[in-house]
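A.B. asks: Need the 3D shape of this:
(2 chains)
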Amino acid sequence: GAVVSQHPSRVICKSGTSVKIECRSLDFQATTMFWYRQFPKKSLMLMATSNEGSKATYEQGVEKDKFLINHASLTLSTLTVTSAHPEDSSFYICSASGAGGADTQYFGPGTRLTVL
Amino acid sequence: KQEVTQIPAALSVPEGENLVLNCSFTDSAIYNLQWFRQDPGKGLTSLLLIQSSQREQTSGRLNASLDKSSGRSTLYIAASQPGDSATYLCAVSFTGGGNKLTFGTGTQLKVEL
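C.D. replies: Numbers count the residues shown, from 1 in each chain, chains lettered A, B, ... in the order given. You can find the predicted model right below:
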């Protein structure tokens, strides 16, 4: 149990376009979802925390108008990268908590975004 | 600032060797600490979670210890195998952080035949 999926797994887009990444908890209700960003050979950096039905809390230095997060249901959160630029190219990983032990985060498989 | 660091950054060992990965954190007020495994281009697999009240956790060939007072955790891998090759990440949930995880820089492990 406690499976988290992400879609798409890989996306390539042109500079200036917007890209939406979905994060789903498949077999549990995720009261909280987290979005991370990972540069090559670097660690994960938390971008924002979202609770179902409320606005996301962004980490310092993360542009909320650039990275739009919606957590409309207990099983789905979306991250939209607006007006993407090549420097937004990265590996984006989501996690969800709320299954069993509330403090355990279950991670998705990640989405590789490449902006040309 | 609450930070998590890991040493070494990379490690290469022959198959069968026992090894230790290190994680240190700057604030001893932690809720829990987790060790994850990440294969290239993939997501994270949780290996072990240690609550702040615990000293160690074991799963198969893996043993993780926690010393809050010194701000350190170690991940011990016994009888390493080529399949253990991956990046190992340490992540800390600091008290008052609302379940946020602060990740270390990772140790890239290669176990050679």
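
A.B. asks: residue boundaries of the strands in chain A?
C.D. replies: Applying DSSP state E to chain A gives strands spanning A:4-7, A:10-13, A:19-25, A:32-38, A:44-51, A:57-58, A:67-73, A:76-81, A:90-97, A:105-107, A:111-115.

A.B. asks: Would you tell me which residues of chain A are close to chain B?
C.D. replies: A:6, A:32, A:34, A:36, A:41-46, A:49, A:91, A:93, A:95, A:97, A:102-110, A:112 (Cβ under 8 Å from any Cβ of the partner chain). In short, each C-beta sits where N, CA and C put it, glycine included.

A.B. asks: just to revisit the earlier point, dump the strands of chain A to a markdown table, plus mean pLDDT.
C.D. replies: Putting those into a markdown table (pLDDT from 0 to 100) gives the following:
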| stretch | mean pLDDT |
| --- | --- |
| strand A:4-7 | 96 |
| strand A:10-13 | 96 |
| strand A:19-25 | 96 |
| strand A:32-38 | 94 |
| strand A:44-51 | 92 |
| strand A:57-58 | 94 |
| strand A:67-73 | 91 |
| strand A:76-81 | 96 |
| strand A:90-97 | 94 |
| strand A:105-107 | 89 |
| strand A:111-115 | 97 |
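
A.B. asks: Give me the residue at the spatial middle of chain A.
C.D. replies: With distances taken as Cα atoms, centre = their mean, A:Trp35 lies nearest the centre of chain A, 3.7 Å away.

A.B. asks: what's the closest residue to B:Lys68 other than its chain neighbours in contact with, if anything?
C.D. replies: Spatial nearest neighbour of B:Lys68, chain neighbours left out: B:Ser28 (4.8 Å); criterion: Cβ to Cβ, 6 or more residues apart in numbering or on different chains. By Cβ atoms under 8 Å, 6 or more residues apart in numbering or on different chains, the contact list for B:Ser28 reads B:Lys68, B:Ser69, B:Gly71.

A.B. asks: go again using 10 Å as the cut-off
C.D. replies: Residues in contact with B:Ser28 (Cβ atoms under 10 Å, 6 or more residues apart in numbering or on different chains) are B:Ser52, B:Asp67, B:Lys68, B:Ser69, B:Ser70, B:Gly71, B:Arg72, B:Phe94, B:Thr95.

A.B. asks: Could you report the neighbour count for the fifth one?
C.D. replies: The one in question is B:Ser70. Per other Cβ atoms under 10 Å in any protein chain shown, the neighbour tally for B:Ser70 reads 10.

A.B. asks: cool, the last one as well?
C.D. replies: Using other Cβ under 10 Å, the number of residues around B:Thr95 comes to 13.
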